[in-house]
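A.B. asks: Give me a 3D structure for the following:
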Amino acid sequence: MRKIKTIQDYEFGPNLTVDHMILYQIISDEKFWSSVPAFSFLKTSSQEVVRRIVAGIVDSKTVTSCAGCSNVRPLLLPLLITFGQHLAQLREDSPKSIAELVLYLSERRGYRPRQITVYYKDSKGENRRVDV
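C.D. replies: Below is the predicted model of the structure:
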């Protein structure tokens, strides 16, 4: 039987900045939604964005020979902003949810990031940064 790991089982590694591509990897992983239930309110909209990205990549490959012609950032930016805003709130209100996110990311990366950073815009459109 596989031992369930805890955050203490991971060695510290480099910092991690969650940008739009890291967020894409996170929201594309079914395990994220069960591992970090505090973000479950984003699941439906995230699945729609992933569907649109995959469809866009398929379309761009059939229309052009350029595999990287599709820019996914505009599709992911609203999710990244919401993710950052919610993470900032969780940092204040829910240490358990922060611990679940850190464990999930540590499992995915194979190390415990020393710091996890998300850049986002607050409700007033001001640039913000949250570190956990």
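
A.B. asks: name the element the residue nearest to the spatial centre of the chain belongs to?
C.D. replies: Nearest to the mean C-alpha position of the chain, by Cα atoms, centre = their mean, lies Leu23 at 3.1 Å. Using DSSP states H and E, Leu23 falls within helix 20-27.

A.B. asks: Can I get the next helix-or-strand element following that helix in PDB, CA atoms only?
C.D. replies: Counting by DSSP H and E, the next helix or strand C-terminal to helix 20-27 is helix 30-35. Below are the C-alpha coordinates for helix 30-35, written out as PDB (Å, rounded to 0.1, in the frame of the first residue of the first chain):
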ATOM      1  CA  GLU A  30      -8.700  16.300 -12.000                       C
ATOM      2  CA  LYS A  31      -6.700  15.600  -8.800                       C
ATOM      3  CA  PHE A  32      -6.500  19.400  -8.100                       C
ATOM      4  CA  TRP A  33     -10.300  19.600  -7.700                       C
ATOM      5  CA  SER A  34     -10.400  16.900  -5.100                       C
ATOM      6  CA  SER A  35      -7.200  17.900  -3.400                       C
END
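
A.B. asks: which sections of the protein are below the confidence cut-off?
C.D. replies: Within the chain, the segments meeting pLDDT under 70 span 1-4, 57-70.

A.B. asks: Who are the contact partners of the residue nearest to the centre of the chain?
C.D. replies: 76, 79-80, 83 (Cβ atoms under 8 Å, 6 or more residues apart in numbering). (Glycine included, C-beta is placed from N, CA and C.)

A.B. asks: try 6 Å
C.D. replies: Contacts for Leu23 were tallied using Cβ atoms under 6 Å, 6 or more residues apart in numbering; they are 76, 80.

A.B. asks: How about the one 10 residues further on?
C.D. replies: Taking Cβ under 6 Å, 6+ apart, we find Trp33 in contact with 40, 43.

A.B. asks: That one and Met21, how far apart?
C.D. replies: According to Cβ to Cβ, to the nearest Å, Trp33 and Met21 sit 19 Å apart.

A.B. asks: Thank you, goodbye.
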